[in-house]
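Visitor: Any chance you can model this:
(chains A, B, C and D)
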Protein chains: 2
Amino acid sequence: MCCEAQFLQRLRERGLRLTPQREMVLRALHEVDSHATAEEIYARVSVQSAAVDLSTVYRTVELLQDLRLLSTIELADGQRAYELIGVHGPHHHLQCRRCGGLSRIEPEAVRPLIETLRLRYGFAAEPDHLVIAGLCQACREGEEREAQSAA
Amino acid sequence: MCCEAQFLQRLRERGLRLTPQREMVLRALHEVDSHATAEEIYARVSVQSAAVDLSTVYRTVELLQDLRLLSTIELADGQRAYELIGVHGPHHHLQCRRCGGLSRIEPEAVRPLIETLRLRYGFAAEPDHLVIAGLCQACREGEEREAQSAA
DNA sequence: GCTGCAAATGCAACTGTTTGCCGCTGCGTA
DNA sequence: TACGCAGCGGCAAACAGTTGCATTTGCAGC
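Guide: Numbering: from 1, shown residues only, chains lettered A, B, ... in the order given. Modelled structure (predicted):
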């Protein structure tokens, strides 16, 4: 668990504490391969200890985000999902508005944009986690076929 | 009201109707200069007719979004705000994580990124409305001053 | 090992948003 | 003009996420 030490360090820097609840939430986030909703995290934590509240999960998730260890994704159905940044490294997502699928992209793809924003608007973009909407290849081809058969 | 005709047209294309409630919501969105929360829209609509429900505001806003006439912005405090695309034309926002301020940027700034995504990932990005987090110029200078005085 | 204090938690109430249900309305068809 | 049907809106209930408050707990200093 690479980020527990980092978590502890950043907590200490701010005079905050490492509690069992926070450890459990962090562990649960590690266990899921990709992103997890609050409810999923809560379910996993509840197995280990029944005495953890859902609000604590939300508070911990918010804290992890403040510490830049976690990013939030808005899923297609409006739910929010959370993902540790350390596990897959910093990255962004493409979200298909048709199938709802998420795919990762390298931060390099966004770097030129960040540079443009800095030069043109004096804005220091720190998009921890950009989610860009659009159509994935499969769905785009699907839409083209539909358009053709409709015509 | 440029977009009412457009609204009507797109509704007709889908076999949907232009109702007084929908007209009122559209008018309310026009009246506010920039973005408005659901509650603000509801307040404006309520002046004209007490018999409009908040859920109708939400449903109309969602409909407008489906028709690509409106975009949603997540404000700093977590509230959602809505903005007609037609009024200011398509654009994106920079959001300062310190002061919460929003500023508009031209779609041109994002175009190279869209091209990259298409070439590299086969993804047809249609970011109606990207919100990019970071530090605005004023706040960045403020942070630098703070860092200096702290050192 | 104890103590004090701020941070953290659980609980319950609350806010903002979405959904299901059902009666109403506009419109095409007979 | 009457009928049927799909879209629509109001209402209330459900849901996800947040907040206030009293209690508990981690941890630095002794």
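Visitor: drop to CA atoms for contacts and neighbour counts, all remaining ones
Guide: OK.
Visitor: Quick one: the strands in chain A, in order.
Guide: Using DSSP state E, the strands found in chain A span residues A:36-37, A:70-74, A:80-84, A:92-96, A:102-105, A:124-125, A:131-135.
Visitor: any chance of those strands in CSV, plus distance to residue B:121 and mean pLDDT?
Guide: Formatted as CSV, the strands of chain A follow (distance: least, Cα to Cα, whole Å; pLDDT from 0 to 100):
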stretch, distance to residue B:121, mean pLDDT
strand A:36-37, 25, 94
strand A:70-74, 20, 87
strand A:80-84, 22, 92
strand A:92-96, 9, 87
strand A:102-105, 8, 87
strand A:124-125, 23, 91
strand A:131-135, 11, 86
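Visitor: would TSV of these with distance to DNA strand D and mean neighbour count be doable?
Guide: TSV is the format used below for those (distance: least, Cα to the nearest atom of the strand, whole Å; neighbours: other Cα atoms under 10 Å in any protein chain shown):
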stretch	distance to DNA strand D	mean neighbour count
strand A:36-37	6	20
strand A:70-74	8	20
strand A:80-84	4	20
strand A:92-96	17	22
strand A:102-105	17	16
strand A:124-125	22	22
strand A:131-135	16	23
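Visitor: Could you export these as JSON lines, including distance to chain B?
Guide: Converted to JSON lines, the strands of chain A look like this (distance: least, Cα to the nearest Cα, whole Å):
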{"stretch": "strand A:36-37", "distance to chain B": "17"}
{"stretch": "strand A:70-74", "distance to chain B": "11"}
{"stretch": "strand A:80-84", "distance to chain B": "12"}
{"stretch": "strand A:92-96", "distance to chain B": "8"}
{"stretch": "strand A:102-105", "distance to chain B": "8"}
{"stretch": "strand A:124-125", "distance to chain B": "4"}
{"stretch": "strand A:131-135", "distance to chain B": "4"}
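Visitor: Format those as CSV; extra columns: distance to DNA strand C.
Guide: Shown next, in CSV, are those (distance: least, Cα to the nearest atom of the strand, whole Å):
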stretch, distance to DNA strand C
strand A:36-37, 16
strand A:70-74, 11
strand A:80-84, 12
strand A:92-96, 17
strand A:102-105, 19
strand A:124-125, 25
strand A:131-135, 17
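Visitor: of these, which approaches residue A:27 most closely?
Guide: Smallest distance to residue A:27 across the strands of chain A (Cα to Cα): 10.4 Å, for strand A:80-84.
Visitor: Quick check: can you name the pairing partners of that closest one and their directions?
Guide: Sheet pairing here is set by DSSP bridges, and for strand A:80-84 it gives strand A:36-37 (antiparallel), strand A:70-74 (antiparallel).
Visitor: rewinding a little: tell me which of the strands of chain A lies nearest to residue B:88.
Guide: Residue B:88 sits nearest to strand A:131-135 of all the strands of chain A, at 20.4 Å, using Cα to Cα.
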